[in-house]
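1. kindly return the folded structure for what I paste below:
(2 chains)
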Protein chains: 2
Amino acid sequence: MALPPSRPAPLLPSRGRLRPLGLDEVRLTGGFWAHRQHVNSTATLEHALAWVRKSGWIDNFRAAAEGRADRDRRGPIFADSDVYKLLEAMAWEAGRRDDPELDSVIDEITAVIATAQTGDGYLHTGFGGPRQPARYSDLEWGHELYCYGHLIQAGIAQARARGEGELTRIALRAADHVCEVFGPGGIERVCGHPEIEPALAELTRLTGDSRYLAQAALFVDRRGRRTLADIPFGRPYFQDDIPVREADVLRGHAVRALYLAAGAVDVAVEQNDDELLDAVVRQWEATVARRTHLTGGMGSHHTDESFGDDFVLPPDRAYAETCAGIASVMLSQRLLLATGDARYADLAERTLFNVVAASTGEDGRSFFYANPLHQRRRGSEPDTQAESPRADSSMRAPWFAVSCCPTNVARTLATFGTYLATRDDAGLQIHQYADADIHTELAGSGRVGVEMRTRYPYDGEVTLRVTRAPGSPWTLTLRVPAWATGAEMTDPSGERHGVRPGAAELTRAFAPGDEIRLHLPMTPRWTTADARADALRGQIAAERGPLVLCLESVDLPDDRDVDTVVVDPSVPPRDAARGDGSVVVAGALTGPTDRPWPYTDVHEAPKPARTGAELLLTPYFARANRGPSTMRVWLPVDGAPRD
Amino acid sequence: MALPPSRPAPLLPSRGRLRPLGLDEVRLTGGFWAHRQHVNSTATLEHALAWVRKSGWIDNFRAAAEGRADRDRRGPIFADSDVYKLLEAMAWEAGRRDDPELDSVIDEITAVIATAQTGDGYLHTGFGGPRQPARYSDLEWGHELYCYGHLIQAGIAQARARGEGELTRIALRAADHVCEVFGPGGIERVCGHPEIEPALAELTRLTGDSRYLAQAALFVDRRGRRTLADIPFGRPYFQDDIPVREADVLRGHAVRALYLAAGAVDVAVEQNDDELLDAVVRQWEATVARRTHLTGGMGSHHTDESFGDDFVLPPDRAYAETCAGIASVMLSQRLLLATGDARYADLAERTLFNVVAASTGEDGRSFFYANPLHQRRRGSEPDTQAESPRADSSMRAPWFAVSCCPTNVARTLATFGTYLATRDDAGLQIHQYADADIHTELAGSGRVGVEMRTRYPYDGEVTLRVTRAPGSPWTLTLRVPAWATGAEMTDPSGERHGVRPGAAELTRAFAPGDEIRLHLPMTPRWTTADARADALRGQIAAERGPLVLCLESVDLPDDRDVDTVVVDPSVPPRDAARGDGSVVVAGALTGPTDRPWPYTDVHEAPKPARTGAELLLTPYFARANRGPSTMRVWLPVDGAPRD
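-> Now for the predicted structure:
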C-alpha cells in the first residue's frame, strides 16, 4: 500500500489543542539533552544491539522460523519486544542522522524477523510453533499483543523517519491479523500488558485506515471487564478490575497502567470522546497527587512493580521503574497535546530530568531499572559483562534479564525533540528548555523559526532568537514551571516583566533577530511532603529548578553513611556555584547509638550527638557515577528526628 | 526399630543451659493461651483438614502412587508439607487430649502418604513420577528436602506424643534416604528452603542415631557455598551467599533464614560447637536490633518475603509473615535453652502475642499471612469459601493458595506449653505467664509442682502456688520482661521486693501451699523508634505489658480513616479499664488538605486543622475482628507531623 505523507514524529494526533512538530522541525543543538541524545546515538544503540544479539533475542526469530523455538528460544517471553524497541530507536535515529548504514542494520534484523511471521500475520517467538503453547493461550502473561504494539511502533517509526519499508509491512500484517482475530466476534479479550492500544491508534494516524483505531478502542473498552483470569497479584495488576471510564486512579503494574492510559487518550482524542479523556485526566490528577515520587517516578511496590496505595511512597523501596517514567512522559505528552495544559509538561520535565536522565549512566552503556530515592546499601562495581537480574542494585548494570528499560530509553532519547515545542494556528509553544533550532509553519501566519539557547537546567536564563518570521503577528508561548515563582520575561524591546507559573505569552509581529529572554529563578529550595506520606515524615528534600538533589556518601567525610546526616530546614539551601546544579545545605553528622532493640520508651530515646557541617548535594540524575555509594533524596531534619 | 523412651516435646536438646519440660509436665488450664489452644483444637484442626482435603493435597499422594501426579497433582510444589504440618499438629493434639479418634484420622492420612513413598524412601508428589521432573532436579525451588523436614517433625511428634507409628516409620525411611543421597560423596548440595536441618537434628535426639545429626551438620555447613544456582532474587534469598559461620545478620527470605538458624543452633548444641552457636547469636542480635518490627514480626519485603536492609521497617509494607513469627519463636526457644538468657524469652513473648496470636481470627478459621503494622485500605469481608491468593488482605482469609501459615499456627498452639517453663539441676524457670499446672523432676532435689494463675497479659499479677516440693532447697526463677521496669516479687513470707528485668530468682526449701507473686507493672507506655528507621520517623506507638496496641478506624467517629489522626506524646497513654488490654491516648483528628502535588515548599506546608480527642487503642492481636477497618500501630505525633 502507499502511505499518505507523514511528519517524522512518534505521536501525531489528528485533533487536540496543540499540534506536534516533526523531528525535522526541532533539532537539539547542544547542552544537556543534545549530549544525551549524542551518547544514545553513539553508544547506547550499539550497546543494546550487542546485548540483544548476545542474549539470543534476534536468533529467537530464526528458531521460530525453523520450528525449533520450543528448545532454542532464549530470554523472557516478551524478548521480541526489545528487538522491536531497539529497531524503533534505530529508525528514528537513522532519520535524524540520515544514516543509510543504520538502515542496513535495521533491514538485516527485519529480514530475520520476517522469516518468523506466518502467512496470516501472526508473529511471536514464544507461541504457536511446534511443541509450543498455542497462540493466545496465555493472554495474562504471554505478551503477544504487547509485542505487536512495539512492532507496530517500530514500523511506524520506519515509515515516518525513512519511508515505508519491510518493517512497516510486517507491522501492518500483524496489525491486520490482530484486527481479524481480536475484532468483534473474535477473541473478545485483552492482553495482560497494554501497549497495543496506543500503537494501533497511531497506525490509523499513519495509514488513515480506521480499523486499527476501532480495534484500539475495543481493547480500551474491554479492559476492566475481567476477561483476564484472576492472578495472585489480583486483576488490578493489569487494570482488568475496573473499566477505564470508571476508574479514579492509576493502579497495579505502573507501566501497564500508564501505557493503557496513553492508549485511552489516543482513542479519546481521535474519537472526540470527552468522557474517556476526562476519565484519564481524573486518573492522572489522583495519581500525581497521591502516588508519585518527588522525582516524578511512579511505582512503590517491588513485588508486582505496581503503584502503592495513596501516599505509600517509601524512598528506599521506591520502584520508580525507568519504563514507568517513560510511560508517564508518554501519557503527559498526550494530555498536553490534547488540552494545552502546562501541568502536563511540568510533570514530563520533572520525570525526564529525574527519572529518564537518571536511569542511564554517563557512558550510555549502563542503566538503572529501578530509581529509588534512598540507597541504603553501598553495593559494588557492576560486572560490565554480565546481565543483572536485580531491580535494586546500587550501581547501573549493563543489561537485565528483563531488559525493557535500555531500549525504551533509546527510543525516547532518539525522539527527544518531540517534547520541546508545539504549534497551534496562532503560534509556537515552547514546553521544554534546551539548545535547539526550531522552525515550523503556522496555519494562520506562515513559516516561523526560533533558535533557543540556554544552560538549562544548570541556569535559568533562556534566550529565544527569532530566525524567521512571517511579518504578521503570532504568539510565542513559554511554559513557566510551577516551581518558578518570580520568573520574568524580557521582550524584544528589552522590557522585563514578571510572568506567573503556567504559560507566558507574547504576541506580536516578530522580526528576525528579535530576542526574547526567559529568566527562571534557580534559587534552591527545601521541599516537604504531604503528612500522609508516612515514609517521608520529618524529612525534607532540596530542589533546584527542575532538578531533585540527593546526598551521596562519596561526598561525606570518610565516605560515611548518608543515614548519619540530619539537615537544618531553617537554613535555605544555596547554590554550590559549581555550574553543575549542585547545592550546599546546612546540617550535621550524627552518631546514632546502636542498641540491642531499636524501640525505646519515648522518655529514654537517645538524642544523637551532633557537629555542624555543610553538606554538598548533587543532582539525582548524576547519582552513582562515582563508584559505590549510599544516597538519600529525603533528608531527616535537624532537631526533630524523633519527636 | 525400637525407639528409646522420650518426653512428649518437639524440642529435646541433649545439652544446654536449660532443659525443656514435656507437654505432659506443663498443662495450660485457662486464660489467653489455653483459650487459643482450645480453639485450635476444636476449630482450626478440623478447618485445616477440610481445606487440605478440598485443595486436593492429600489426593496428591494417591495421584503420585498411581503415577498420574503429572496431570492430577494440585497446589504449590510444597503442598505435601502442609499435610505433614497438619499431621504434626494432630499428633501433638492427640497426645495432649489422649484422643484415639484423632489417631485414626492420622492413620488414615498416613496410609495414603505411605502409598506414595518409593522403596528407597523417596517421597514427594511433585517429582520423580512418570512425566514429572526428575528427583532433585530443582533444588532451588523444588522443596523436596523442605517437605522431608516437616514429614520428619510429624513422625517425631507421633513417636513422642503417641508412640512410634507408621508416620514415624515413613519419616525414618525418608531420613535414611536423605542421608544416603545427600551424604558425603552424594549430591553435595542443599535445599532452597531450609527446614530439614532442625528436623534431622531432632531425629538423632529421638533415635540416638547420630547419622541424622551428621547430615544436618553437613547441610548447615554446605549452606552459603553457592551450591544453588543464582536466581533473580539473588543467593541471599536462600542464605546461599555466605556460610552460616561467617554471616553477621539474617537476610533473604525470612522463614528460610530463621529455620536455617534454628537448625544451626541444634547442630551447634549437639556437637558442642561454640563457634557456630556464637555465629547464630550474633545474627540474632543484629537482626533483632535492626530488622525486626515492634511486634516481633520479621520481614519487610513482599517481593521475596525477605528481610529488608537494616532499619527498613515500613509499617504499611511490613510483611511479618506468620510463619516467620513462628520460626523466630522456634529460634529464640532454642537459644533460650542453650544459653538461659531471658532476652530470647522476651522476644518469643513479644512475637507470640503480637504475631502468632494476631494471625488467627477469633473463630480459629481465618488467618493472616502477612501482619503489617499499618493497614491503609479498608478492604472487604472475606469469602469464607474461597482461598485468598493475597498476602496483603485487610481481613483474615480462610485459606491461601500458599497456605503454610494456618498449619504452622496449629502445630505451634498444640505444643504451646513447651514455651512456659524449663528446669535445670537447681530448679524451675518460668518464661511465659499463663494459667498452667507444672510439675517436673529436678535432678538435684526431686519432684516439684507449681500452679500458675494470672490474667496476663491483661493484668500483671502472677501467682505461683507450690503444689509439690521435695523439702530440700531449690530455685524458682521468674523472667522479668525487659519492659517491666519497677516489677516486684512477693515471696512466700509475704515480703515484697523489687526485681529487675532479666531473671528474678528465689531459692528456698519451698513447702506445698507456698505462694510467690510477681507484680509486673502494666502502665501503658509510648514507644519511639531508632532514628534510622525512616518509615517510623515522627511517630510513636503505645505498648502495654507485652502487647502492642493499634488504632482501628472502627473506633473513630464516623469510621474515619486512621490516617487522619495525630497523637500527643506528652500525655501518657492510660489504661482504658476495659480489662481487654485496651488503652486511651490523647490526640486529635486532623483534616489533611488535598493538593494537586503532594510536595510543597517548606514555607508553604499546610498545618492541619485540629480538634481535641481521646482515642481508643486496642491490642494488635485483636485487630480486624470487627469488620473492614484501616489500622495503625505507629501514630503520627501532634505538633510535628511535618517539621
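
2. same question for stretch A:558-576: list its buried residues.
-> A:561, A:562, A:563, A:564, A:565, A:566, A:567, A:568, A:569, A:572, A:573, A:576 (16 or more other C-beta atoms under 10 Å in any protein chain shown). Just so you know, the C-beta spots here come from the backbone N, C-alpha and C atoms, and that holds for glycine as well.

3. list the contacts of residue A:494.
-> Taking C-beta atoms under 8 Å, 6 or more residues apart in numbering or on different chains, we find residue A:494 in contact with no residue.

4. same deal with residue A:440?
-> Contacts of residue A:440 by C-beta under 8 Å, 6+ apart are A:21, A:25, A:421, A:423, A:428, A:447, A:448.

5. please tell me how far the first one sits from residue A:40.
-> So the one you mean is residue A:21. Here the distance between residue A:21 and residue A:40 works out to 20 Å (C-beta to C-beta, to the nearest Å).

6. rewinding a little: okay, the buried residues of stretch A:558-576 in TSV with distance to residue B:221 and pLDDT next?
-> Shown next, in TSV, are the buried residues of stretch A:558-576 (distance: C-beta to C-beta, whole Å; pLDDT from 0 to 100):
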residue	distance to residue B:221	pLDDT
A:561	33	90
A:562	37	93
A:563	35	89
A:564	37	86
A:565	41	91
A:566	44	91
A:567	47	93
A:568	52	92
A:569	52	91
A:572	58	94
A:573	53	96
A:576	53	96
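
7. closest one of the residues you listed to residue B:101?
-> residue A:563 (57.7 Å; C-beta to C-beta).

8. the closest one is in contact with residue A:376, isn't it?
-> Yes: taking C-beta atoms under 8 Å as the definition, residue A:563 is a contact partner of residue A:376 at 7.1 Å.

9. what do these two both touch?
-> Residues touching both residue A:563 and residue A:376 (C-beta under 8 Å, 6+ apart) are A:630, B:311.

10. so residue A:244: helix, strand or coil?
-> coil (DSSP: H, G, I helix; E, B strand; the rest coil).

11. per-residue pLDDT, it?
-> Note for residue A:244: predicted pLDDT of 98.

12. pretty sure it sits against residue A:280.
-> Yes: at 7.5 Å, residue A:244 counts as touching residue A:280 under the criterion of C-beta under 8 Å.

13. and for the two, which residues touch both?
-> In contact with both residue A:244 and residue A:280: A:261, A:264, using C-beta under 8 Å, 6+ apart.

14. list the contacts for residue A:2?
-> residue A:164.

15. what lies in contact with the lowest-mean-pLDDT helix or strand in chain A?
-> Least confident helix or strand, chain A: strand A:610-619 with a mean of 88, by mean pLDDT, DSSP states H and E. The contact list for strand A:610-619 (C-beta under 8 Å, 6+ apart) reads A:353, A:457, A:542, A:544, A:547-552, A:555-556, A:565-567, A:573, A:576, A:580-590, A:638.

16. what strands flank it, and is each parallel or antiparallel?
-> strand A:547-552 (antiparallel), strand A:583-590 (antiparallel) (DSSP bridges).

17. save the ones you listed as CSV, and put in mean neighbour count, distance to residue A:218 and mean pLDDT too.
-> Listed next are those as CSV, based on neighbours: other C-beta atoms under 10 Å in any protein chain shown; distance: least, C-beta to C-beta, whole Å; pLDDT from 0 to 100:
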stretch, mean neighbour count, distance to residue A:218, mean pLDDT
strand A:547-552, 27, 40, 98
strand A:583-590, 21, 50, 91
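
18. got CSV for the ones you listed, with distance to residue B:516 too?
-> Conversion of the strands paired with strand A:610-619 to CSV gives the following (distance: least, C-beta to C-beta, whole Å):
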stretch, distance to residue B:516
strand A:547-552, 56
strand A:583-590, 46
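
19. which one, of these, ends up nearest to residue B:73?
-> Among the strands paired with strand A:610-619, strand A:547-552 comes nearest to residue B:73, with 50.2 Å by C-beta to C-beta.

20. before we move on, the earlier item: out of the buried residues of stretch A:558-576, which one sits closest to residue B:513?
-> With C-beta to C-beta as the yardstick, the closest approach to residue B:513 among those comes from residue A:563, at 57.3 Å.

21. what strands flank the helix or strand hosting residue A:636, and is each parallel or antiparallel?
-> Using DSSP states H and E, residue A:636 sits within strand A:635-636. Here strand A:635-636 is paired, per DSSP bridges, with strand A:539-544 (antiparallel).

22. what's next to the strand holding residue A:636, contact-wise?
-> Against strand A:635-636 from outside (C-beta under 8 Å, 6+ apart): A:538-542, A:551, A:565-567, A:585, A:587, B:531, B:534, B:537.

23. need those in TSV with distance to residue A:600, can you?
-> Below are these laid out as TSV (distance: C-beta to C-beta, whole Å):
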residue	distance to residue A:600
A:538	16
A:539	20
A:540	24
A:541	27
A:542	30
A:551	26
A:565	21
A:566	18
A:567	23
A:585	28
A:587	24
B:531	11
B:534	17
B:537	14
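
24. quickly check the residues you listed for the two that are furthest apart.
-> Once C-beta to C-beta is applied, these give A:542 and B:531 as the farthest pair, at 19.9 Å.

25. looking at those two, which has the bigger crowd around it?
-> Shown here are residue A:542 and residue B:531; by other C-beta atoms under 10 Å in any protein chain shown, residue A:542 has more neighbours (27 against 24).

26. give the contact list for the more buried one.
-> Contacts of residue A:542 by C-beta under 8 Å, 6+ apart are A:524, A:525, A:526, A:527, A:548, A:549, A:573, A:583, A:585, A:617, A:635.

27. okay, now residue A:35: neighbour count?
-> 14.

28. which SSE is it in?
-> Counting by DSSP H and E, residue A:35 is part of helix A:31-39.

29. ranges for the strands of the stretch 1-150 of chain A?
-> Using DSSP state E, counting those that start in this stretch, the strands of the stretch 1-150 of chain A run over A:19-20, A:26-30.

30. which of those is buried the deepest?
-> strand A:19-20 (a mean of 21; mean count of other C-beta atoms under 10 Å in any protein chain shown).

31. quick one: average pLDDT of that strand?
-> Mean predicted confidence for strand A:19-20 is 97.

32. name the SS class of residue A:479, please.
-> strand.

33. can I get stretch A:561-568 as PDB, trimmed to CA atoms?
-> This file holds the C-alpha atoms of stretch A:561-568, laid out as PDB (Å, rounded to 0.1, in the frame of the first residue of the first chain):
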ATOM      1  CA  ASP A 561      26.800   6.500  55.500                       C
ATOM      2  CA  VAL A 562      24.200   9.100  54.400                       C
ATOM      3  CA  ASP A 563      21.900   7.800  57.200                       C
ATOM      4  CA  THR A 564      24.200   9.600  59.700                       C
ATOM      5  CA  VAL A 565      23.100  13.000  58.400                       C
ATOM      6  CA  VAL A 566      20.500  15.500  59.500                       C
ATOM      7  CA  VAL A 567      19.800  18.900  57.900                       C
ATOM      8  CA  ASP A 568      18.600  22.200  59.100                       C
END
